[in-house]
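> all I have is the shape, not the residue letters:
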C-alpha cells in the first residue's frame, strides 16, 4: 500500500511541475514578438533600419529563442531574452534583446565569438559586442548581465 501512496505522491509532484513548466512556457520568446504585435515590429524596424551588415535572423528576430524575463532598469520595465540563429550557432553568435513594456523602445546586444575558438578558450575574452538601439550604460549593463547568466559563457 505504501508503494502506491509513493507513486501517487510522485505523480502529483510531477503533474505540478509539468503545470508550472507549461505556465512558464506561455511567456514570450524573442522569435515570436514581431508577429505578436505590430508595435513590436515597428519599434524593432526603427532600431535596425540604420544599422549596416546585420544578419537576416537579427533583422527579423528569427531563430532559436528561450523565454523572456521581465527586468527593471532605471525604474523602467523591460522584456528581455536571448536569440540565436540556431542552437548550434549560439556559441558564436547571439543576440540579447530588451523591449520596454510599452513597446516603444528596444535595445539589443549582438555578441560574436570567432568561429573555431577552442572549447578551452574563454568566449568572454574573444567576444565582440555590438549594441543596437543606442542603449545607455545602464541598459548595456543589463544586457551584459543576461549574457553572464548562460552557464556556457565564462
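Alright, I've got the coordinates. Only a predicted model underlies this, so the values are computations on that prediction, with no experimental measurement involved. Numbering: from 1, shown residues only.

> CA only for contacts and neighbour counts going forward, please
Fine.

> so for the residue nearest in space to the middle of the chain, what's the pLDDT?
Among the residues of the chain, the one closest to the centroid is residue 82, at 1.6 Å (Cα atoms, centre = their mean). Listed pLDDT for residue 82 reads 96.

> I'd say it and residue 97 touch.
Yes. With contact defined as Cα atoms under 8 Å, residue 82 reaches residue 97; the gap is 6.2 Å.

> where are the low-confidence patches of this protein?
Scanning the chain with the threshold set as pLDDT under 70 gives 1-26.

> and the residue nearest to the centre of the chain, helix, strand or coil?
strand (DSSP: H, G, I helix; E, B strand; the rest coil).

> for it, which non-adjacent residue is spatially closest?
residue 96 (4.4 Å; Cα to Cα, 6 or more residues apart in numbering).

> please, where are all the strands along the protein?
Taking DSSP state E to define them, one finds strands in the chain at 64-65, 69-73, 76-84, 93-100, 106-112, 128-132.

> of all those, which one comes closest to residue 49?
Residue 49 lies closest to strand 128-132 among those, at 10.4 Å (Cα to Cα).

> which secondary structure elements does that closest one contact?
strand 106-112 (3 or more Cα pairs under 8 Å, 6 or more residues apart in numbering; DSSP states H and E).

> so the residue nearest to residue 82 sits right up against residue 112, yeah?
No. Shown here, residue 96 and residue 112 do not form a contact pair, counting by Cα under 8 Å, at 11.6 Å.
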